[in-house]
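Enquirer: Predicted model and sequence follow; I will ask about them next.
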Amino acid sequence: MGVGTAISAIEVRSSNAAATASWFEVRRQDLDVWNGILLDTGTSLYQYPFWNEPYRRLWITPRYLAWGTQDRPLAFVSILTMGFGPAKIGLVFRGPTCIQSRCAHCHVAIAELLDWARAQGYIFIRFTHSDPQVLTQLAASGHAEDSDAFPCFQDYPVLSPDYVVDQFDDDDQTLASFDREVRRKLRRASEVGYEFRSDHSPDALAQAWPLYQECSRRKQFSLERPLSFYMETMRRAQPHNCVRLYSVLLHGRLVGSALIFRDGTTAHCQLAALEAQHRQAAVYLHWHAMREMHRIGVRRYNLGPGPGSLARFKRQFCEHPVSYPSPLTVVLQEGWFRIWWKSLFPMAKRLRPTLRRIVSSVQR
């Protein structure tokens with residue numbers, strides 16, 4: 001039975017499945033099917049194949065595994081892999097995940113995942129997850145360090161709480177949950193004459209990219225991933241209705257843009273930029289973006305983290321941001337890890353800003 005048929009059969013008789021369950025690698029030709037599978041779960045965006053496949057452009061190899069049986073998969077994980085042979089490092093962003101909500105045998109799956117990784121030659125795997133219980137289970141399954149052993153590469157560049165808006169079906173009810181400044185700014189944007197536009201074409205992002213570059217220079221932050229990464233991610237997300245590029249125009253000219261990807265529950269703002277003289281259009285941009293995302297099926301809109309002055313802006317939409325647990329490093333080869341921690345880790349920390357600049361400038 002193929003993977004496509006497998007998903008329709010995920011009413012699992014847990015005891016029977018667990019008896020024969022194991023981790024198996026997902027075939028690349030099945031990745032598109034798995035994007036569809038994960039949309040019916042609470043899996044994080046950062047675990048989806050359409051999000052992880054473009055990392056191959058950055059010399060990072062994603063490996064995808066499912067736990068269970070071929071016809072009844074119960075869990076899934078995407079591991080971004082660097083290195084080769086007996087000296088590999090793994091990064092798992094917001095995973096692993098249960099295909100079924102709270103599968104009774106997830107603790108078994110976690111222990112077996114670490115056994116698989118050890119046999120494959122991973123020195124360590126750094127995990128992030130929004131559920132602290134998953135990290136607790138991982139820590140209980142072996143030697144774990146409450147630290148980030150690979151700070152060069154993170155699921156999101158700023159480690160601060162996310163501002164996540166819970167939306168309602170009614171516009172007025174959603175607006176009523178915001179600070180009154182939001183309503184005032186929306187009225188002002190209408191008076192100015194801003195227009196809102198939606199697209200999902202990678203070419204549209206290429207045309208808007210100079211705006212993002214100018215904004216990053218002005219605000220002195222790095223674009224963590226190159227244009228080529230985002231364009232490929234858009235192409236892979238399109239068939240699943242999981243991406244939008246939203247724009248604000250004035251008199252037909254682009255003055256603001258936001259790139260949004262969604263998983264099964266939440267829309268995530270990955271990039272946003274506005275011309276300096278049109279900063280007041282930010283509320284207008286995000287309001288229309290979140291409502292369109294609600295119309296295509298997601299109730300939550302993640303504005304992302306809010307360091308510095310961004311927190312004041314995002315708090316207008318969400319008074320109480322969501323905090324996530326710190327990364328966890330699970331050590332799989334003690335000797336190699338000691339060498340890494342004492343000799344290479346300090347260098348990796350120092351080189352992080354340089355590596356970020358190199359990665360963001362990759363053209364291929």
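Expert: Everything's here; your move.
Enquirer: can you list the weak-confidence ranges in the stretch 201-350 of the chain?
Expert: Scanning the stretch 201-350 of the chain for pLDDT under 70 picks out the ranges 349-350.
Enquirer: Domain-wise, how is this protein divided?
Expert: 3-157+325-360, 162-314 (automatic domain parsing).
Enquirer: quick one: the longest one to chain centroid distance?
Expert: By that I understand domain 3-157+325-360. 13 Å (Cα atoms, centre = their mean, to the nearest Å).
Enquirer: next one: the shortest one
Expert: Centroid displacement of domain 162-314 relative to its chain, using Cα atoms, centre = their mean, is 16 Å.
Enquirer: follow-up on the earlier one: save the domains of the chain as JSON lines, and put in mean neighbour count too.
Expert: Quick note: C-beta positions are derived from backbone N, CA and C, even for glycine. Converted to JSON lines, those look like this (neighbours: other Cβ atoms under 10 Å):
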{"stretch": "domain 3-157+325-360", "mean neighbour count": "18"}
{"stretch": "domain 162-314", "mean neighbour count": "17"}
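Enquirer: could you list every residue that touches Glu25?
Expert: Each residue near Glu25 by Cβ atoms under 8 Å, 6 or more residues apart in numbering is listed here: 63-65.
Enquirer: same thing with Tyr284?
Expert: 185-186, 189, 194, 196, 248.
Enquirer: Make a markdown table out of those residues and add secondary structure.
Expert: What follows is these, written out as a markdown table (DSSP: H, G, I helix; E, B strand; the rest coil):
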| residue | secondary structure |
| --- | --- |
| Lys185 | helix |
| Leu186 | helix |
| Ala189 | helix |
| Tyr194 | coil |
| Phe196 | strand |
| Val248 | strand |
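Enquirer: Max pairwise distance over the residues you listed: which two?
Expert: Pairwise distances across the contacts of Tyr284 (Cβ to Cβ) peak at 14.1 Å, for the pair Lys185 and Phe196.
Enquirer: Spell out, range by range, the strands that occur in the stretch 101-250 of the chain.
Expert: 122-127, 143-145, 162-166, 195-199, 243-250 (DSSP state E, counting those that start in this stretch).
Enquirer: Torsion angles phi and psi at Arg72?
Expert: The phi/psi pair for Arg72 (degrees, to the nearest 10) reads phi -140, psi 70.
Enquirer: so what's it bridging to?
Expert: Beta-bridge partners recorded for Arg72 (DSSP bridges): Thr69.
Enquirer: Tell me which residue lies farthest from the centre of this protein.
Expert: Glu191 (35.7 Å; Cα atoms, centre = their mean).
Enquirer: before we move on, the earlier item: now the strands of the stretch 101-250 of the chain as CSV including distance to Cys215?
Expert: Putting these into CSV (distance: least, Cβ to Cβ, whole Å) gives the following:
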stretch, distance to Cys215
strand 122-127, 30
strand 143-145, 36
strand 162-166, 19
strand 195-199, 18
strand 243-250, 13
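Enquirer: Of the ones you listed, which is nearest Leu38?
Expert: Nearest of those to Leu38, taken as Cβ to Cβ: strand 243-250 at 14.8 Å.
Enquirer: sorry, back to before: among the contacts of Tyr284, which one lies nearest to Asp32?
Expert: Phe196 (30.5 Å).
Enquirer: so what's that closest one closest to, chain neighbours aside?
Expert: His288 (4.3 Å; Cβ to Cβ, 6 or more residues apart in numbering).
Enquirer: before we move on, which element is that neighbour in?
Expert: helix 282-295 (DSSP states H and E).
Enquirer: got the angle between the helix or strand following that helix and helix 282-295?
Expert: Moving toward the C-terminus from helix 282-295, the next helix or strand (DSSP H and E) is strand 300-305. Angle between the axes of strand 300-305 and helix 282-295 is 140 degrees (criterion: axes from the mean of the first three to the mean of the last three Cα atoms, to 10 degrees).
Enquirer: Relative to strand 300-305, what are the paired strands and their orientations?
Expert: Assessed with DSSP bridges, strand 300-305 is paired to strand 162-166 (antiparallel), strand 266-274 (parallel).
Enquirer: Give the residue spans of the stretch 1-150 of the chain that score low on pLDDT.
Expert: 1-19, 101-105.
Enquirer: Let's see that with 90 instead.
Expert: 1-21, 58, 69-72, 84-87, 99-108, 141-142, 147, 150 (pLDDT under 90).
Enquirer: which residues in it form helices?
Expert: Taking DSSP state H, counting those that start in this stretch, the helices of the stretch 1-150 of the chain run over residues 3-8, 14-20, 31-39, 49-52, 106-119, 132-140.
Enquirer: These: which one's closest to Gly264?
Expert: That would be helix 31-39 among the helices of the stretch 1-150 of the chain, by Cβ to Cβ, at 4.6 Å.
Enquirer: Can you show me the CA trace of the closest one as CSV?
Expert: What follows is helix 31-39 as a C-alpha-only set of coordinates in CSV (Å, rounded to 0.1, in the frame of the first residue of the first chain):
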residue,chain,number,x,y,z
LEU,A,31,7.4,14.1,0.0
ASP,A,32,4.6,15.9,-1.7
VAL,A,33,2.1,13.4,-0.2
TRP,A,34,3.6,14.0,3.2
ASN,A,35,3.1,17.7,2.9
GLY,A,36,-0.6,16.9,2.5
ILE,A,37,-0.5,14.5,5.4
LEU,A,38,1.0,17.0,7.8
LEU,A,39,-1.6,19.6,6.9
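Enquirer: No further queries at this time; thank you.
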